[in-house]
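Trainee: please work out how this folds:
(one chain, ligands or ions: 2)
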Amino acid sequence: MASPILITGASQRIGLAFAMHCLENNTPVIATYRTLRPAVETLKAAGARCIHADFATNEGIDAFIDTLKQETATLRAIIHNASDWMPERADSDPAEVMASMMQIHSMTPYRINLACRHLLENSGATTDIVHMTDYVVEKGSAKHIAYAASKAALDNLTRSFSRLLAPNVKVNSVAPSLIMFNEGDSEAYREKTLKKSLLGIAPGEAAAVQTLQFLLDNRYITGRSIGLDGGRPLV
Ligand SMILES: NC(=O)C1=CN([C@@H]2O[C@H](COP(=O)(O)OP(=O)(O)OC[C@H]3O[C@@H](n4cnc5c(N)ncnc54)[C@H](OP(=O)(O)O)[C@@H]3O)[C@@H](O)[C@H]2O)C=CC1
Ligand SMILES: Nc1nc2c(c(=O)[nH]1)N=C([C@H](O)[C@@H](O)CO)CN2
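Mentor: Ligands and ions are numbered 1, 2, ... in the order given. Coordinates of the predicted model:
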């Protein structure tokens, strides 16, 4: 039995799309979800092992790690996809925003990578960790300050873990800009956001799926960040 790929935050959107892609290609999947959505049943029906996990606390992270170790002795890859795109709001407590962003985007991948490195190293083949970061790592964000800082921390973890885990484990980032909108995004927001990149499109989950698969298939990339941004830095 092939070693499974762990995908965090796989109950919707990009995480769900990559999980289904892996299952359709006969790669076993362990998917985490926080909210029980119909897609979790779809994943289970397609053969995924689904584990409930809320990474908002270290106890939640460690409980997940314990469950994961009971589920499998090896992993083909870990895709750190779980994320919360939290803006600063007038009524939000900056300390809470920063703590929450660092918890999901930095503490969670850090604790899981350290606790589960042996699952990757024991799989007997070259394995992968991929951190889903964000284009804003390069430029910052005036409206998602703590979010951008936490993704920058995650980007740095990519280089640290690539040094720690070479040569058996490759560690890379995918740094997307607009991939897909959220329900409720206004037409004005959509029009404005599409103009922020050279290519002017919201490519959808498939673009992220292709990039993740490319990194898993490539034997000679580690410690790098792949910009999936439609040329946004050049606008
Ligand atoms: N979509 C885009 O255009 C862009 C995406 N990215 C990055 O790509 C990745 C995927 O994006 P997208 O699919 O839109 O992501 P989502 O915003 O859909 O978030 C993915 C999942 O993260 C889970 N999650 C959030 N907080 C927690 C938590 N505390 N514990 C456990 N799970 C949690 C949610 O689980 P649940 O729903 O089960 O509660 C959610 O389904 C993310 O890392 C994102 O930052 C970067 C730039 C652009
Ligand atoms: N967890 C998430 N992170 C991000 C999302 C999202 O929906 N969930 N969306 C974006 C935007 O698409 C942004 O890239 C548009 O400029 C960023 N991060």
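
Trainee: does residue 228 touch residue 209 like I think?
Mentor: No. The pair residue 228 / residue 209 is not scored as a contact, 10.7 Å apart, by C-beta atoms under 8 Å. Quick note: C-beta positions are derived from backbone N, CA and C, even for glycine.

Trainee: which one of those two is surrounded by more residues?
Mentor: residue 228 (22 against 17; other C-beta atoms under 10 Å).

Trainee: residue contacts, the more buried one?
Mentor: By C-beta atoms under 8 Å, 6 or more residues apart in numbering, the residues touching residue 228 are 174-177, 179, 207-208, 211.

Trainee: let's see 6 Å
Mentor: When the contact criterion is C-beta atoms under 6 Å, 6 or more residues apart in numbering, the partners of residue 228 are 174, 176, 211.

Trainee: again, but for residue 162
Mentor: By C-beta under 6 Å, 6+ apart, the neighbours of residue 162 are 171, 222-223.

Trainee: name the member of those with the most neighbours.
Mentor: Going by other C-beta under 10 Å, residue 171 tops the contacts of residue 162 with 28 neighbours.

Trainee: specify the beta-bridge partners of it.
Mentor: On the basis of DSSP bridges, residue 171 is bridged to residue 129.

Trainee: check the one 5 residues further on too.
Mentor: In this structure, residue 176 bridges to residue 228 when assessed by DSSP bridges.

Trainee: buried set for stretch 86-102?
Mentor: 86, 97-98, 100-102 (16 or more other C-beta atoms under 10 Å).

Trainee: of the residues you listed, which belong to strands?
Mentor: Counted as lying in strands by DSSP state E, out of the buried residues of stretch 86-102, is not a single one.

Trainee: separation between the most centrally placed residue in the chain and residue 170?
Mentor: Centroid check for the chain by C-alpha atoms, centre = their mean gives residue 81 as the closest residue, at 1.7 Å. Using C-beta to C-beta, to the nearest Å, one obtains 17 Å as the distance from residue 81 to residue 170.

Trainee: what is the nearest of the contacts of residue 162 to residue 158?
Mentor: Closest approach between the contacts of residue 162 and residue 158, by C-beta to C-beta: residue 171, at 5.5 Å.

Trainee: confirm for me that the closest one is in contact with residue 157.
Mentor: No. In this structure, residue 171 is not within contact of residue 157 by C-beta atoms under 6 Å, at 8.2 Å.

Trainee: run the chain-centre distance for stretch 43-58.
Mentor: 14 Å (C-alpha atoms, centre = their mean, to the nearest Å).

Trainee: and for stretch 58-74?
Mentor: Its chain's average C-alpha position is 17 Å from that of stretch 58-74, according to C-alpha atoms, centre = their mean.

Trainee: what lies in contact with that stretch?
Mentor: With C-beta under 6 Å, 6+ apart as the test, stretch 58-74 has contacts from 3-4, 49, 51, 53-55, 108, 111, 115, 119, 122-123.

Trainee: so which residues of this protein form helices?
Mentor: Counting by DSSP state H, one finds helices in the chain at the ranges 13-24, 38-45, 58-71, 94-102, 108-121, 136-139, 145-165, 187-194, 205-217.

Trainee: helices or strands up against the last one?
Mentor: Read it as helix 205-217. helix 13-24 (3 or more C-beta pairs under 6 Å, 6 or more residues apart in numbering; DSSP states H and E).

Trainee: is the helix it packs on in proximity to ligand 2?
Mentor: No. Helix 13-24 does not reach ligand 2 (C-beta under 6 Å from any ligand atom); its nearest approach is 7.1 Å.

Trainee: buried ones in that helix?
Mentor: Under 16+ other C-beta under 10 Å, the buried positions of helix 13-24 are 13-23.
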